[in-house]
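Engineer: Let me see the structure of the following:
(one chain, ligands or ions: 1)
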Amino acid sequence: MIKHIALLPGDGIGPEIVAEAVKVLDRVAEKFGHTFNYTEVDIGGCSIDRHGVPITDEGMATCKSSDSVLLGAVGGPKWDSCPPAIRPEKALLAVRKELGLFANLRPTRLFPQLASASPLKEEVIGNGIDLLIVRELTGGVYFGQRKTEEVDGELVATDIMPYSEHEIERIGRVAFETAMKRGKRLASVDKANVLDTSRLWRKTMHRLSEEYPEVTYSDILVDNTAMQLIRNPGQFDVLVTENMFGDILSDEASMLTGSIGMMPSASLSSGTLGMYEPIHGSAPDIAGQNIANPLGTILSGAMMLRYAFSLSEEADAIESAVNKVLDLGYRTTDIMQEGCKKVSCSEMGDLVAQQL
Ligand code: NAD
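Structural biologist: Down below sits the predicted model:
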């Protein structure tokens with residue numbers, strides 16, 4: 001298989017962690033007989049410095065014409081005072097919009113080797129945490145109309161939360177299909193006891209559930225979900241929810257693993273083009289020191305192989321190589337435990353590549 005990948009290393013630790021993901025992807029290509037071609041695109045602060053904009057039109061065109069996009073992270077204190085129109089994160093919103101990335105997939109997995117890093121008690125973790133949140137990314141209150149106006153002598157602010165049936169159905173299908181590839185259990189998160197958007201959400205999900213009889217479907221209210229994620233996270237397989245609920249719940253879920261450097265994510269469009277990135281930011285406090293944890297980016301590479309290129313065996317191989325390296329006791333600084341061997345960012349990439 002020959003695939004063209006747009007590489008967007010970005011700022012801070014971005015270039016360091018993306019280099020390790022490429023090392024691992026190249027090893028996969030060698031082992032399984034594929035060719036991955038990379039085109040590097042400046043994004044975020046480094047692009048502002050070089051080109052005056054957070055992403056150039058040419059860079060955007062490269063992303064659109066590639067088979068997939070792998071991102072490090074953008075931003076940092078150097079660009080905090082940039083005018084809103086050219087801030088680093090503007091580029092991320094632009095790429096999401098241009099590529100039509102409406103579905104954000106965030107797996108939350110507690111590696112048993114890192115259980116002590118979780119803020120949850122051992123008896124709550126039980127047999128581990130392995131859930132996936134499917135978040136709608138381009139609709140809802142973040143994209144609805146908003147205004148602040150004076151009414152009867154005081155300011156009143158309004159944010160509108162629109163959802164159309166086709167937007168709900170589109171994300172619902174991604175969720176059901178994802179559940180089919182995992183444990184075949186799907187919980188749809190809403191606030192149907194209060195919100196009209198949630199009632200339409202629930203109705204649409206129920207209709208879809210009839211098309212997926214193999215998936216055990218349930219509804220759960222968002223406030224209860226927030227509680228259950230702490231009380232018994234092992235009960236969940238796939239969760240699907242709207243934009244703002246997903247924003248909040250996916251951050252809550254990622255904390256259950258206690259290690260932000262380990263978490264991958266994927267943002268998908270209705271075609272095969274998607275963007276794959278670790279969930280963390282550019283970590284300016286540790287940039288340039290070769291101590292960042294590259295595993296979230298390496299695992300994002302695995303998601304890219306699975307979802308963009310349908311290379312499940314290759315994705316499994318990366319995930320099991322990461323597991324083996326952790327089993328052998330190698331840790332980057334952020335996940336270091338007593339009795340383990342501390343390694344740098346580049347050594348961690350080498351170790352995963354060697355295990356393949
Ligand atoms: P952050 O995720 O960059 O860092 C939070 C903490 O986690 C820091 O102490 C950092 O050192 C640590 N950390 C993060 N990733 C790590 C890794 N791979 N290995 C080891 N430690 C890691 O969040 P922040 O400090 O709030 O934001 C820093 C910058 O990143 C800001 O400019 C922010 O806007 C940007 N940001 C970008 C993205 C993105 O590009 N998707 C996401 C979030 C934040």
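Engineer: Could you use CA atoms for every contact and neighbour count after this?
Structural biologist: OK.
Engineer: dump the residue contacts of the residue lying closest to Asp80 once chain neighbours are set aside.
Structural biologist: In space, and not counting its chain neighbours, Asp80 is closest to Arg87: 7.4 Å by C-alpha to C-alpha, 6 or more residues apart in numbering. Listed by C-alpha atoms under 8 Å, 6 or more residues apart in numbering, the contact partners of Arg87 are 44-45, 54, 79-80.
Engineer: All the helices of the stretch 151-300 of the chain, residue numbers only.
Structural biologist: With helices called from DSSP state H, counting those that start in this stretch, the stretch 151-300 of the chain shows them at 165-181, 196-209, 222-231, 243-255, 295-307.
Engineer: If you count neighbours, what's buried in the second one?
Structural biologist: For helix 196-209, the buried set under the neighbour-count rule, 16 or more other C-alpha atoms under 10 Å, comprises 197-198, 200-202, 204-206, 209.
Engineer: helices or strands up against it?
Structural biologist: Helix 196-209 sits against helix 165-181, strand 185-190, with contacts defined as 3 or more C-alpha pairs under 8 Å, 6 or more residues apart in numbering; DSSP states H and E.
Engineer: rerun at 10 Å
Structural biologist: Taking 3 or more C-alpha pairs under 10 Å, 6 or more residues apart in numbering; DSSP states H and E as the contact definition, the neighbouring helices and strands of helix 196-209 are helix 165-181, strand 185-190, strand 216-221, strand 238-241.
Engineer: Compare these and report which one is nearest to the ligand.
Structural biologist: Counting by C-alpha to the nearest ligand atom, the ligand lies closest to strand 238-241 out of those; the figure is 19.9 Å.
Engineer: starting at the chain centroid, how far to the closest one?
Structural biologist: For strand 238-241, the separation from the chain centroid amounts to 14 Å (computed by C-alpha atoms, centre = their mean, to the nearest Å).
Engineer: How far does stretch 122-135 stretch from one end to the other?
Structural biologist: 28 Å (C-alpha to C-alpha, to the nearest Å).
Engineer: Sorry, wrong one. I was asking about stretch 234-241.
Structural biologist: According to C-alpha to C-alpha, stretch 234-241 extends 18 Å from its N-terminal end residue to its C-terminal end residue.
Engineer: ok, and for it, which residues are buried?
Structural biologist: Residues of stretch 234-241 classed as buried under the neighbour-count rule (16+ other C-alpha under 10 Å) are 234, 236-241.
Engineer: Report the contact partners of Glu314.
Structural biologist: Listed by C-alpha atoms under 10 Å, 6 or more residues apart in numbering, the contact partners of Glu314 are 25, 28-29, 31-32, 302-303, 305-306, 320, 356.
Engineer: in the stretch 251-356 of the chain, which spans are strands?
Structural biologist: 264-268, 274-278, 330-331, 341-342 (DSSP state E, counting those that start in this stretch).
Engineer: quick one, the first one and helix 165-181 angle?
Structural biologist: Direction vectors for strand 264-268 and helix 165-181, defined by axes from the mean of the first three to the mean of the last three C-alpha atoms, to 10 degrees, enclose an angle of 140 degrees.
Engineer: now for strand 264-268, which elements pack on it?
Structural biologist: For strand 264-268, the elements it packs on are strand 68-73, helix 88-99, strand 103-109, strand 130-136, strand 274-278, helix 295-307, judged by 3+ C-alpha pairs under 10 Å, 6+ apart.
Engineer: between these, which gets nearest to Leu249?
Structural biologist: Counting by C-alpha to C-alpha, Leu249 lies closest to strand 130-136 out of the helices and strands packed on strand 264-268; the figure is 8.2 Å.
Engineer: Show me what the closest one pairs with in its sheet, parallel or antiparallel.
Structural biologist: Strand pairing for strand 130-136, determined by DSSP bridges: strand 103-109 (antiparallel), strand 238-241 (parallel).
Engineer: how about the first one as CSV, C-alpha atoms only?
Structural biologist: This points to strand 103-109. The C-alpha coordinates for strand 103-109 follow below in CSV (Å, rounded to 0.1, in the frame of the first residue of the first chain):
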residue,chain,number,x,y,z
ALA,A,103,-16.4,13.2,14.4
ASN,A,104,-13.8,13.1,17.1
LEU,A,105,-12.8,9.7,18.5
ARG,A,106,-11.0,9.7,21.8
PRO,A,107,-10.1,6.3,23.2
THR,A,108,-9.5,6.3,27.0
ARG,A,109,-7.4,3.3,28.0
